[in-house]
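*Asks:* next come a sequence and a model predicted from it.
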Amino acid sequence: MDVKEFDKNVAIDQDEALRPKMVTVEIAGKKHEVPEGITVIKALWYTGQEVIRGAGCLGGYCGACATYYRTKDDPKVRTCLACSTAVEDGMSFTMVPPFPARKATYQLSELKDPKQDLFNLYPETPLCRNCNACTEACPQGIDVRDGVWRAVFGDFKAVSEMFMDCVMCGLCVPVCIADIAPNLVAVYASRVQGAFFTEKPNRLHERIEEIRQGKYDQEWDKILTMNEQQIKDVCAAIK
Amino acid sequence: MKLEALQGLVHKTRDARRQQTIPKFPPNERDTLIKKYHPDSRENAYRPIKFGPNAGELTVRELAALLEGDSPVPADLDLTPTYSVDVLVIGGGGAGSAAALHAHAQGAKVLLATKLRLGDSNTVMAQGGIQIAITSEDSPVQHFLDTLKGGHMKNDHTLLKTMVEEGPSIAKWLLDLGVLFDRDPDGNLHVKKGGGSSKPRLLTCSDYTGLEIMRVLKDEVLNQQIQLLEFSAAVELLSDGDGTCTGAILQDLDNKRFVVVAAKAVILATGGIGRLHIQGFPTSNHYGATGDALPMAYRIGAKLLQIDTFQYHPTGAVYPEQLVGALVTEGIRSEGGHLVNANGERFVNELDTRDVVSSSIIRECEEGRGVRTTTGRLGVWLDTPLLDIEHGPRTLEKHFPAMVRQFKRYGLDITKDPVLIYPTLHYQNGGVQIDVNGESGVRHLFVAGEASGGLHGRNRLMGNSLLDLMVFGKRAGTTAAERAKAMKHGKLTLEHLTRFRAEARKHSGALAVRSPMLFPDYVRKE
Ligand SMILES: Cc1cc2nc3c(=O)[nH]c(=O)nc-3n(C[C@H](O)[C@H](O)[C@H](O)COP(=O)(O)OP(=O)(O)OC[C@H]3O[C@@H](n4cnc5c(N)ncnc54)[C@H](O)[C@@H]3O)c2cc1C
Ligand code: SF4
Ligand code: SF4
Ligand code: FES
């Protein structure tokens, strides 16, 4: 669409869109020109690379696209989700390959003392040396180190709340000098919190019982024997 | 105009808009609106399918081409199986994981094959919640009626009744697995109101409901040590030559080799079609949402249902360009966010059904009351700051952390300024026809989740999909496992494919594309 055709009063100025400015980025050591502001993953496509390992939800939820990057002249290597980060001039980046972390397997319902069992399943957890590398690596801004300690001290509720945003990208794992996989510890703690330490929702259990006892059977009979028009009328009357 | 100046009008008109109530459209007006503006009503986007179980029926051109497309599998492929299992589950989203877990719990030998990693799916992105009727002022019957109304009365009654009735026990199953639904102070499950529902019945895990459910299901699949093949896409089904499904052919995406799986029952749980970008729409869906179940099921002879209707979620992001298509959760409208046109006016009851709200946004834009970004995209405002004003400071931050974060990454603060939105391709309302146990018209071929059709009618209500996945994933998994106990493996042939190809050759233009598509092609070629 020609820009001149727009009604200027209802159009946003977006210089970058009018004159797509090209920037130089370095992908896994090679320099490429890409339009400024596109996402890291789109930059990969733009430079002709097929991405299968490394693309998932494309919306910032699945953690498939974990990436290391550095901005111009800054020595600090940072982490991001490639589907949700815009490129800028001078940026260098590489996608992070999967890391062989150990996931403990367990039968949740058979755990006897789940807070203690953490130390059997993930005995490395209390060996955290407080280096804070995990927190710095987390693209979701979770205080991962603190979460690890809360798990150790049995505050699973706090862990479950802190890690609700965790997309399981695994970026906190390879940096850990104590071989802890904080995200897996957090999933364990959260599930335990849910399965063992939350209140029983009485209303839900009553509803399950009501259905089992056929409380709604009559209503169902009425609805399901109606003709098309009758049921349409019932629906139309819903507010 | 500067973005800020345009946003200024939204700020300026806010107080006046808060005094307004906008009624929902009466049925006849709603139908006219949809007829005129909904993308489903654009005739030239559709064409009849040339042959096969749905011959003569209309669907969008993108899908028709895939249904008539050719399998990548050569007719003379060696069909000696690499894996021999009771139940093969294809797709590692919510429906596939639930099916695998329930089949495993029945003692079946299960193989779960998925195109990306386990959990990389649409399920992981669900923000709004899962609908389950649990409060005393609500009932499964009410849930049924709301859904039927939303689906334009075209829902399959048996499937729908099953879903709403099994909802509460599904909530219990998820809780027992450790899913952390939001709670009321008294310990009961907190419920929110979703668009098109007469009662609050959305269970949520902040705005990460799908992520939380998927994280737990994935962990549980791994705990149960269910055999898992990641980066393995199904590309063709196998039959005994007599119309019964006996396995599938996967393609290992690392080395492109075909892998033959013999299975007593196959469950397709490959999700939706957003990445076909129907009618050029952007999409909220994950990378692998290319509707792969549909052509595979079609070639082996399964009938599809309501594949002429798709859901365009009203609020996809339009600006910034990096977020185009990404979902802005319906929860924001549920909690009172207004939709506002370029003149600063509201134009629809924000809690009307998705097809109505989407149609009205398209109407505003087509009639010149939209805001245009200079990439040429049109949109209207979603007044997000209103939530903090209505419900107190930090409401957005507390209830919609994922949303706030998504925009913050690009320097936009949705707690201070409204965002631009336009409908985005979101959900495949129809799919493979199934019975109440998830079995398709082809024996031993089950379909669960978004890939299946009939349950949602012509428009799915918010929060019903997550429930659909869990209920029919369970039923398909359980039934398939029970079935497998009493039978032997069938013959492995590609006879259905041979017949399909022979039929296709009679129609010009058929076999033109490779299908299933597996991934959209975004790689720029020079
Ligand atoms: C952004 C967003 C928000 C949503 N919010 C909500 C909500 O709040 N509430 C609600 O109820 N619903 C919501 N939905 C809808 C709901 O999330 C989906 O309909 C549902 O998750 C689909 O589940 P599924 O298991 O059928 O498919 P998916 O979860 O998409 O899983 C399909 C899986 O199959 C794999 N696959 C695909 N093709 C193949 C193949 N050929 N071979 C092997 N594997 C394959 C995929 O990679 C994926 O892992 C939302 C959807 C989106 C996109
Ligand atoms: S906690 Fe670890 S796995 Fe979770 S989002 Fe942060 S870095 Fe990724
Ligand atoms: S990286 Fe490991 S050792 Fe360092 S703070 Fe995190 S958990 Fe502790
Ligand atoms: S692709 Fe899922 S988070 Fe980036």
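*Replies:* Received, thanks. Numbers count the residues shown, from 1 in each chain, chains lettered A, B, ... in the order given. Ligands and ions are numbered 1, 2, ... in the order given.

*Asks:* give the next helix or strand downstream of the worst-scoring helix or strand of chain A on mean pLDDT.
*Replies:* Using mean pLDDT, DSSP states H and E, the weakest-scoring helix or strand in chain A turns out to be helix A:15-18, at a mean of 47. As assigned by DSSP states H and E, the chain's next helix or strand after helix A:15-18 is strand A:22-27.

*Asks:* next helix or strand past that following strand?
*Replies:* strand A:30-35.

*Asks:* does chain B sit close to that next one?
*Replies:* No - if you take C-beta under 8 Å from any C-beta of the partner chain as the test, strand A:30-35 misses chain B, and the best it gets is 9.5 Å. In this view, the C-beta of every residue, glycine as well, is placed from N, C-alpha and C.

*Asks:* so for A:Glu136, what's the nearest residue that isn't a sequence neighbour?
*Replies:* Nearest residue to A:Glu136, sequence neighbours excluded (C-beta to C-beta, 6 or more residues apart in numbering or on different chains): A:Val175, at 7.7 Å.

*Asks:* is it true that the one you found touches A:Cys138?
*Replies:* No - under the criterion of C-beta atoms under 8 Å, A:Val175 is not in contact with A:Cys138, lying 9.8 Å apart.

*Asks:* more neighbours, the two?
*Replies:* Taking other C-beta atoms under 10 Å in any protein chain shown, A:Val175 and A:Cys138 do not tie; A:Cys138 has more neighbours (24 against 18).

*Asks:* wait, what's in contact with the more buried one?
*Replies:* A:Thr79, A:Val144, A:Leu171, A:Cys172 (C-beta atoms under 8 Å, 6 or more residues apart in numbering or on different chains).

*Asks:* measure B:Asp78 to B:Phe310 for me?
*Replies:* Per C-beta to C-beta, to the nearest Å, B:Asp78 is found 39 Å from B:Phe310.

*Asks:* these two: which is more packed in?
*Replies:* B:Phe310 (30 against 8).

*Asks:* follow-up on the earlier one: so the residue nearest to A:Glu136: helix, strand or coil?
*Replies:* Taken by DSSP: H, G, I helix; E, B strand; the rest coil, the conformation at A:Val175 corresponds to coil.

*Asks:* of the contacts of A:Cys138, which belong to helices?
*Replies:* In helices, judged by DSSP state H, the following of these are found: A:Val144.

*Asks:* and ligand 2, which of the contacts of A:Cys138 contact it?
*Replies:* A:Val144, A:Leu171, A:Cys172 (C-beta under 6 Å from any ligand atom).

*Asks:* low-confidence stretches in the chain?
*Replies:* The chain I'm using is chain A. A:1-20 (pLDDT under 70).

*Asks:* actually chain B
*Replies:* Ranges of chain B meeting pLDDT under 70: B:374.

*Asks:* and A:Lys215, backbone torsions?
*Replies:* Per-residue torsions, A:Lys215: phi -60, psi -30 (degrees, to the nearest 10).

*Asks:* what's the burial count for it?
*Replies:* When neighbours are counted by other C-beta under 10 Å, A:Lys215 registers 13.

*Asks:* for it, give me its contacts.
*Replies:* Taking C-beta under 8 Å, 6+ apart as the definition, A:Lys215 has no contacts.

*Asks:* what about the residue nearest to A:Trp149 when sequence neighbours are not counted, distance to A:Val144?
*Replies:* Spatially, and ignoring its direct neighbours in sequence, A:Trp149 is nearest to A:Cys128 (6.6 Å; C-beta to C-beta, 6+ apart). Taking C-beta to C-beta as the criterion, A:Cys128 is separated from A:Val144 by 10 Å.

*Asks:* the two - which one has more neighbours?
*Replies:* Looking at A:Cys128 and A:Val144 with other C-beta under 10 Å, you find the greater number of neighbours at A:Val144, namely 29 against 21.

*Asks:* excluding chain neighbours, what is closest to the more buried one?
*Replies:* A:Cys134 (3.9 Å).

*Asks:* check which helices and strands the longest helix seen in chain A sits against.
*Replies:* In terms of residue count, the longest helix belonging to chain A (DSSP H) is helix A:182-196. In terms of contact count using 3 or more C-beta pairs under 8 Å, 6 or more residues apart in numbering or on different chains; DSSP states H and E, helix A:182-196 is assigned the packing partners helix A:114-121, helix A:144-152, helix A:156-162, helix B:157-176, helix B:209-223.

*Asks:* flag every buried residue along it.
*Replies:* A:182-195 (16 or more other C-beta atoms under 10 Å in any protein chain shown).

*Asks:* before we move on, what about stretch B:416-423?
*Replies:* Buried residues in stretch B:416-423, counted by 16+ other C-beta under 10 Å: B:Asp417, B:Pro418, B:Val419, B:Leu420, B:Ile421, B:Tyr422, B:Pro423.

*Asks:* ok, now how distant is the closest residue to B:Met214 other than its chain neighbours from ligand 1?
*Replies:* Sequence neighbours aside, B:Val124 is the residue nearest to B:Met214 in space, at 4.3 Å (criterion: C-beta to C-beta, 6+ apart). With distances taken as C-beta to the nearest ligand atom, to the nearest Å, B:Val124 is found 7 Å from ligand 1.

*Asks:* doesn't B:Val124 lie inside a helix?
*Replies:* Yes - using three-state DSSP, the secondary structure at B:Val124 is a helix.

*Asks:* show me the buried residues of stretch B:416-423 that map onto strands.
*Replies:* Judged by DSSP state E, the buried residues of stretch B:416-423 include B:Val419, B:Leu420, B:Ile421, B:Tyr422, B:Pro423 as members of strands.

*Asks:* now do the contacts for the residue of the stretch 401-526 of chain B found nearest ligand 4.
*Replies:* Residue of the stretch 401-526 of chain B nearest ligand 4, by C-beta to the nearest ligand atom: B:Gln406 (10.8 Å). Neighbour list for B:Gln406: A:Gly60, A:Ser84, B:Ala317, B:Leu323, B:Ala326 [criterion: C-beta under 8 Å, 6+ apart].

*Asks:* ok, now with 10 Å
*Replies:* A:59-61, A:84, B:317, B:322-323, B:326-329, B:400, B:412, B:414, B:419 (C-beta atoms under 10 Å, 6 or more residues apart in numbering or on different chains).

*Asks:* one more: B:Glu439?
*Replies:* Counted by C-beta under 10 Å, 6+ apart, B:Glu439 has contacts B:245, B:265, B:267, B:302, B:433, B:445-447, B:475-476, B:479-480, B:483.
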